[in-house]
Every structure is written in structure tokens, then in C-alpha cells.
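Q: Let me see the structure of the following:
(4 chains)
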Protein chains: 2
Amino acid sequence: MRARKSGNALHEAVREEIARRVQSGEFDPEVPLPSAASLAEEFNVSLITTKRALRDLQSAGILRSVPGLGTFVREQRRFIRNLDLSLTSMDDARRLGFTPSIQLISITREKMKDLSFDVLSIPSEPMLCVRKLVLADDIPIMFDTAFITKPLSDSVVDEFGTKFIYQALADNDSPVTATRLMIDAAPASPEVQQHFAVPNGYPALRRAYEFKTSDPSLKVFGCAESPFDRLACTFDLPPAD
Amino acid sequence: MRARKSGNALHEAVREEIARRVQSGEFDPEVPLPSAASLAEEFNVSLITTKRALRDLQSAGILRSVPGLGTFVREQRRFIRNLDLSLTSMDDARRLGFTPSIQLISITREKMKDLSFDVLSIPSEPMLCVRKLVLADDIPIMFDTAFITKPLSDSVVDEFGTKFIYQALADNDSPVTATRLMIDAAPASPEVQQHFAVPNGYPALRRAYEFKTSDPSLKVFGCAESPFDRLACTFDLPPAD
DNA sequence: GAGTGGTCTAGACCACCCT
DNA sequence: GGGTGGTCTAGACCACTCC
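A: The predicted structure follows:
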């Protein structure tokens, strides 16, 4: 080592050499990488420099460290979701070749945090709030926080925790009539960090949404977050003009 | 200090206390924060722990450090781009209230890197490659890499470097007839790190695209990347079904 | 008990910017 | 020259997992 490849920093050179080995398929995802101590010895750098490189590779979604076990190559399996929203029910998902499931996290009543989305006109009063984790083939792919503007019966609320929102609304005679979406990237929220076991600052894809329904007093606001390596969105556009 | 608020780590407690002060508007964006050394003294932690907290806040887009000058609050000014692609020319941009400009970075001939986007059918042979930086009100907001499948005259190539691609194609009798988009998040690429002065691992919003034109042999593939705090996309959807 | 990653420390050197 | 952030080092302790 001591090559100082790209920039100038030692930890960058170490990081890139490890990244190169990962990309070349040198490591079995089931088997831990050589320990930080042995890598430090091999590269002839201090332990803490190697740890710095390994930590940055975690932030980049390339590695995954488990205390007491070791550091592993992070397996990539990303789901592509089409924004035309054909995927609105469990059946749609299964038709696309994976088995979805929903894990209800909490149902509360609270105010929606201002996400500085001037794009959506978010009410300031407390609303019903449903948080859930959506999994595909038992792999968590998105964390969803939804706020409902209108009080609903318990049985309907339960449906929000077990179905996609589109489906739950349609099943209760209030189909979605319009959708406003805002897509951005953001560092993983504390909830995402927890549920996906990703470090602070991990890039996440965020979709903030507003559903209007046939009932003018019933709207749904929400935000779906996914670690960048778990979900991407596609969209086809007609010609401009 | 020594509170160990959220998780357990000291650097997290320091990070969150500094973040709290930033959010509360305690610091003038023009004036550097107290130095890492003085913060370490105030919090009664080691210098390196404070530096760790400051570095993580940089990765989160909250702070910005300039060697020799100090650490500053990162000013937030984000542009919202509507995915309906109404923004396809300089005029459109001006109509939306900002002054766009384009800075040509390079024109080369090279193979397109495989971005593991199975979504787009990317040719494997070398293509014309145009890299440019798009600015809004003199603030860089996106880094664009475009690959053109067909050899073009020099004058047309020059237009790609100074106009939005939609406009350049329309002006040369090959209007875009269909667009395929893939949106995801990703850690900032080396080019983005360089042009936007963001650290390794900084979350970025990425739009990979494929333009088809009226000329079947002329397609444009590309990827536009923006640091997460610079750009977001909105979209309105009609009712499903 | 041995190995792992995560954290914290003190101390040092460098490049950079300002006066 | 004196301040700043960035990097690198050696050494230590902890919680965790596995045997």
C-alpha cells in the first residue's frame, strides 16, 4: 500500500483497494472479510485508518459490519417500482414476481412534521398516523409514514396497516382520485436507520405523497423512505408538447 | 455534555447537540462555528470525537468545512423540478423564476459505464459523451452525463453543451418521441463530489434516462446527478385504473 | 477466552487561510 | 505566526459472538 491512489488520503487508498476487491468478487458474502486488524497489517497502516475506510464503505452500502461477527459484503438486491402505480395491491406485486408483506409499526395520533415540502399543503392539526414497513420476499424495502385527515373506524384503520393504502381506500368506497408526488434523496431518518440497520447519513430515496379521494375531507399525506440500495423508481414519459 | 442522548455514543450526543443549535438558527451562515477545539473543550470530550461529529454533520448536508477557514452552516436552497419535463429549455426555466446556465465540462468518446440499470438497454460500443454542469441562479444543481448513439456534426455537438438536450434535439429535426426514466438515490459519484464540494458518501438524487427520437438510430442515454439538498422532483398522477 | 467491530483518548503533523 | 480543519498514529476499553 502507501500508494495513495486517487486523492491523497491514506484511508481513501485503503478504501478503494478494499472496494476493488469487493467489486472483483473476491469475497464470499457469507464469509466475513479479513478483520480490520489483519487488513491494517497487510496495508501497513494503523488500525484506526483501516476502520475509517471500512466505515466509509458501510456508508456507501458496500459493506455491512456486525459487532462480534465481522464485516461482510452487502448483497445487492434492488427492487424497481414503476411510478405509474400499477403496484397498488398485494396481487399486483405478486404478479410482478415477488411476495410482498406489510409489518405494522405503530398507529398514533400526532402532528405531521414539517419536511419543508412546500410542495404539499400539509395540515397543521394532529392526524391519524400509520407507520409500517413494507417487505418484498421478506426483505424490507420501504418505511412508510401515512397521515389520514379524517377520523376512521377502527376496522378501517386496521386495514391501513395490512394493505397498500390505495387498496384500503378503494375497498372503503373512497378511491384515490389524484396523487401528488415529490421525490428526493435524503440521509436516512432515525426510523430507517433502525429498521434497515444502516448507518447515519446513509442515502435514502424518499417519496412524499398526497392522495386525494372521492371524499373531499379524506386525504392521505405520507412519506415512503427506502435505503438507496433497496428501491428505484422508473417512469415512461410521452413526448413533450 | 456527557448526556449521551439518543443512542449511546459520545460523538452522537455531540453531533445532535450541534445539530440542535444549527436548527435553532444560533449560527450565522457567514460566520464560522466555534472551532472544533473549543467545542471539544465546551463539551468536555476529546478533539477527535468533536471532529467525528462535525464530519458526520457534513455528510448529512448540515455543515460545510473549509480547511483553513472554519466550519459553516450549509445554506439550504433547493430547486424543485417537475418531472413532466415542461422544463426543457432555457426559456422554460426563466419562466419558472430562475436563471439557468450550463457549464460544459468535457466532450469525449467513450463506453458508457454499466450502472447496473438493467432498466435501460445501454449499448456497449463507445459513444459520444457530453458532460456538463447545470446551474440555477449561478448555483450548480445537477451534473449531467449524456451519451449519444449517433455521430453528429461538430456544430450539433456544441449545441449539446450549451442547451438542454431536449431543445438541442428539437432544434436539429430529431425531437424526442419517448423518454424512459429511472430515479434512484446513490452516494455522490467522484465527479459530483468534485463539482459540488460534497464529501464521500453524500446522498445524491440520480435520474438515468433514455431518449428516443424521430430518428431510430439516434438515442440519448444519460444520467443526471444532484446532491440531495439541491434538487427534488415532483409529479402529478391521474387516478389509477 | 479469543476474536470481532465500535468507541474514545492524547498527541502529532500537514496544508490552508488570514493578518 | 497563529488559527483552522484534515489526517494519521498508538493504545485502550467495551459489547458482542462464537467455541
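Q: Tell me where chain A has strands.
A: A:63-66, A:70-73, A:79-82, A:100-110, A:127-136, A:139-148, A:176-187, A:203-213, A:219-227, A:231-237 (DSSP state E).
Q: Please give me every residue in contact with the closest residue to A:I105 other than its chain neighbours.
A: Counting by Cβ to Cβ, 6 or more residues apart in numbering or on different chains, A:R131 is the residue found nearest to A:I105 once chain neighbours are left out, at 4.1 Å. (Glycine included, C-beta is placed from N, CA and C.) Taking Cβ atoms under 8 Å, 6 or more residues apart in numbering or on different chains as the contact definition, A:R131 lies against A:104-108, A:143-146, A:191.
Q: follow-up on the earlier one: what's the closest of the strands of chain A to B:S217?
A: strand A:231-237 (20.8 Å; Cβ to Cβ).
Q: Is A:I107 in contact with A:M127, as I believe?
A: No. With contact defined as Cβ atoms under 8 Å, A:I107 does not count as touching A:M127 (11.5 Å).
Q: More neighbours: which of these two?
A: A:M127 (22 against 15; other Cβ atoms under 10 Å in any protein chain shown).
Q: residues touching the more buried one, list them.
A: Contacts of A:M127 by Cβ under 8 Å, 6+ apart are A:109-112, A:147-149, A:221.
Q: now do 7 Å
A: Going by Cβ atoms under 7 Å, 6 or more residues apart in numbering or on different chains, A:M127 touches A:112, A:147-149.
Q: For it, give its distance to DNA strand C.
A: 35 Å (Cβ to the nearest atom of the strand, to the nearest Å).
Q: Repeat that for A:S35.
A: 3 Å.
Q: got the contact list for that residue?
A: A:G70 are the contacts of A:S35 under Cβ under 7 Å, 6+ apart.
Q: so what's A:L63 bridging to?
A: A:V73 (DSSP bridges).
Q: Pretty sure it sits against A:L57.
A: Yes. A:L63 lies in contact with A:L57 (Cβ atoms under 7 Å); the separation is 4.3 Å.
Q: any chance of the strands of chain A in JSON lines, with distance to A:I165 and mean pLDDT too?
A: Listed next are the strands of chain A as JSON lines, based on distance: least, Cβ to Cβ, whole Å; pLDDT from 0 to 100:
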{"stretch": "strand A:63-66", "distance to A:I165": "31", "mean pLDDT": "91"}
{"stretch": "strand A:70-73", "distance to A:I165": "35", "mean pLDDT": "92"}
{"stretch": "strand A:79-82", "distance to A:I165": "14", "mean pLDDT": "82"}
{"stretch": "strand A:100-110", "distance to A:I165": "10", "mean pLDDT": "90"}
{"stretch": "strand A:127-136", "distance to A:I165": "8", "mean pLDDT": "91"}
{"stretch": "strand A:139-148", "distance to A:I165": "6", "mean pLDDT": "92"}
{"stretch": "strand A:176-187", "distance to A:I165": "8", "mean pLDDT": "91"}
{"stretch": "strand A:203-213", "distance to A:I165": "7", "mean pLDDT": "93"}
{"stretch": "strand A:219-227", "distance to A:I165": "6", "mean pLDDT": "93"}
{"stretch": "strand A:231-237", "distance to A:I165": "17", "mean pLDDT": "86"}
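Q: a markdown table please, covering these and showing distance to DNA strand D.
A: Output for the strands of chain A, formatted as a markdown table (distance: least, Cβ to the nearest atom of the strand, whole Å):
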| stretch | distance to DNA strand D |
| --- | --- |
| strand A:63-66 | 7 |
| strand A:70-73 | 9 |
| strand A:79-82 | 28 |
| strand A:100-110 | 21 |
| strand A:127-136 | 21 |
| strand A:139-148 | 19 |
| strand A:176-187 | 17 |
| strand A:203-213 | 19 |
| strand A:219-227 | 22 |
| strand A:231-237 | 28 |
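Q: B:M182: which of these is closest?
A: strand A:231-237 (4.9 Å).
Q: what comes up buried for that closest one?
A: Applying a neighbour-count criterion of 16 or more other Cβ atoms under 10 Å in any protein chain shown, one finds A:231-235, A:237 buried in strand A:231-237.
Q: farthest-separated two in the residues you listed?
A: Farthest-apart pair in the buried residues of strand A:231-237 is A:L231 and A:L237; separation 20.0 Å (Cβ to Cβ).
Q: dump the residue contacts of A:R78.
A: Listed by Cβ under 7 Å, 6+ apart, the contact partners of A:R78 are A:229-232.
Q: sorry, that was for A:K111
A: A:124, A:126.
Q: Run a quick neighbour tally on A:T71.
A: 22.
Q: I meant A:P190, not that one.
A: 10.
Q: and the gap between it and DNA strand D?
A: For A:P190, the distance to DNA strand D - Cβ to the nearest atom of the strand - is 19 Å.
Q: what's the distance between that residue and A:T145?
A: Using Cβ to Cβ, to the nearest Å, one obtains 12 Å as the distance from A:P190 to A:T145.
Q: cool, A:R52 as well?
A: Counting by Cβ to Cβ, the gap from A:R52 to A:T145 is 33 Å.
Q: shouldn't A:L133 be in contact with A:P140?
A: Yes. Counting by Cβ under 7 Å, A:L133 does reach A:P140; the two are 5.3 Å apart.
Q: what residues do these two have in common as contacts?
A: A:H195.
Q: what does chain A have sitting close to DNA strand C?
A: For chain A, the residues in contact with DNA strand C (Cβ under 7 Å from any atom of the strand) are A:32-33, A:35-38, A:48, A:51, A:54-55, A:58, A:65-71.
Q: buried subset of those residues?
A: Using 16+ other Cβ under 10 Å, the buried ones in these are A:33, A:36, A:51, A:54-55, A:58, A:65, A:71.
Q: Could you export those to TSV, including columns for distance to A:S217?
A: As requested, those are exported to TSV (distance: Cβ to Cβ, whole Å):
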residue	distance to A:S217
A:L33	55
A:A36	57
A:K51	54
A:L54	52
A:R55	49
A:Q58	46
A:S65	49
A:T71	52
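Q: if we can go back for a sec, buried members of the contacts of A:R131 into PyMOL, please.
A: Applying 16+ other Cβ under 10 Å to these, the buried members can be selected in PyMOL as follows:
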select buried, chain A and resi 105+143+144+145+146
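Q: Among the contacts of A:R131, which one sits closest to DNA strand C?
A: Closest approach to DNA strand C among those (Cβ to the nearest atom of the strand): A:E191, at 18.2 Å.
Q: which ones are touching the closest residue in space to the closest one that isn't next to it in sequence?
A: Excluding the flanking residues, the one nearest A:E191 by Cβ to Cβ, 6+ apart is A:F143, at 5.7 Å. Shown in contact with A:F143 (Cβ under 7 Å, 6+ apart): A:133, A:191-192, A:195, A:225.
Q: Between those, which sits nearest A:V176?
A: A:E225 (20.5 Å).
Q: ok, now how distant is that closest one from A:V198?
A: A:E225 sits 11 Å away from A:V198, taking Cβ to Cβ as the criterion.
Q: any shared contact partners between those two?
A: A:V192.
Q: I appreciate the help and will end here.
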